[in-house]
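Student: give me coordinates for this.
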Amino acid sequence: MRDWLVTPGSLTARLVAQSTRFRVQKLRQAANVCLADEAAAIGLPRPGRVLERDVLLRCDGAPVVYGHTVVSARATAHDWPLFSALGERSLGTTLFYDPLVRRGQLEFARIRPGHPLLARVRAALAANDVPFDADAIHYARRCVYRRRQGLLLVTEVFLPAVLTLQAATPIKEIDL
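Tutor: Coordinates of the predicted model:
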């Protein structure tokens, strides 16, 4: 899983390259109160009102990554002009090709069973008739992006099916 966690550049681009059919399935996008561990990351003194977007990234039909994005409700359309209109388009395509966007440091975690984000992953998979392995270890990474004065936090939870995709640096066979 380490290889997926430390992917430099756009995770979306890597998923597209390693599948024949890539799809962003938007699960929801709405106002909510952010999780406690997300507040400080986006400059809030305590959990507060945010816009959230939850998606499943699918490769060849299988969900491989659960994406969770939060942006402060105070962020303006000037800061993140395309966020509200993404639909089922990839957020990664806007983040990595906008010269005004600055990427922060990646953070990594093993999500503990009681974490609210893991409950969302479980619910999303159940709604899509995909089994959830409660005994599996779920790894995630997150990163803050800045555009103008706005901060946007993207968390990616890697699902076990991601390991069925081609490795980033396949071993090349040679004749000796």
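Student: average pLDDT for stretch 78-88, rounded please.
Tutor: The average of the pLDDT scores along stretch 78-88 is 84.
Student: now that stretch: buried residues?
Tutor: Residues of stretch 78-88 classed as buried by neighbour count (16 or more other CB atoms under 10 Å): 79-80, 83, 86. For the C-beta atoms, the positions are set from N, CA and C on the backbone; glycine is no exception.
Student: the residues you listed: which two are farthest apart?
Tutor: Asp79 and Leu86 (14.7 Å; CB to CB).
Student: go through the chain and flag its longest helix.
Tutor: Identified as the longest helix of the chain according to DSSP state H is helix 116-127.
Student: residues in contact with that helix?
Tutor: The contact list for helix 116-127 (CB atoms under 8 Å, 6 or more residues apart in numbering) reads 27, 35, 54, 56, 63, 66, 68, 111-112, 131-132, 134, 138, 140, 155, 157, 159.
Student: cool, stretch 74-91 as well?
Tutor: For stretch 74-91, contacts defined as CB under 8 Å, 6+ apart pick out 12, 23-26, 29, 51, 53, 55, 57, 67, 69, 71, 94, 147-152, 154.
Student: where's the spatially closest residue to Val154 that is not a sequence neighbour, which helix or strand?
Tutor: In this structure, Val154 finds its nearest non-sequential neighbour in Thr69, 5.1 Å apart by CB to CB, 6 or more residues apart in numbering. Assigned by DSSP states H and E, Thr69 belongs to strand 62-72.
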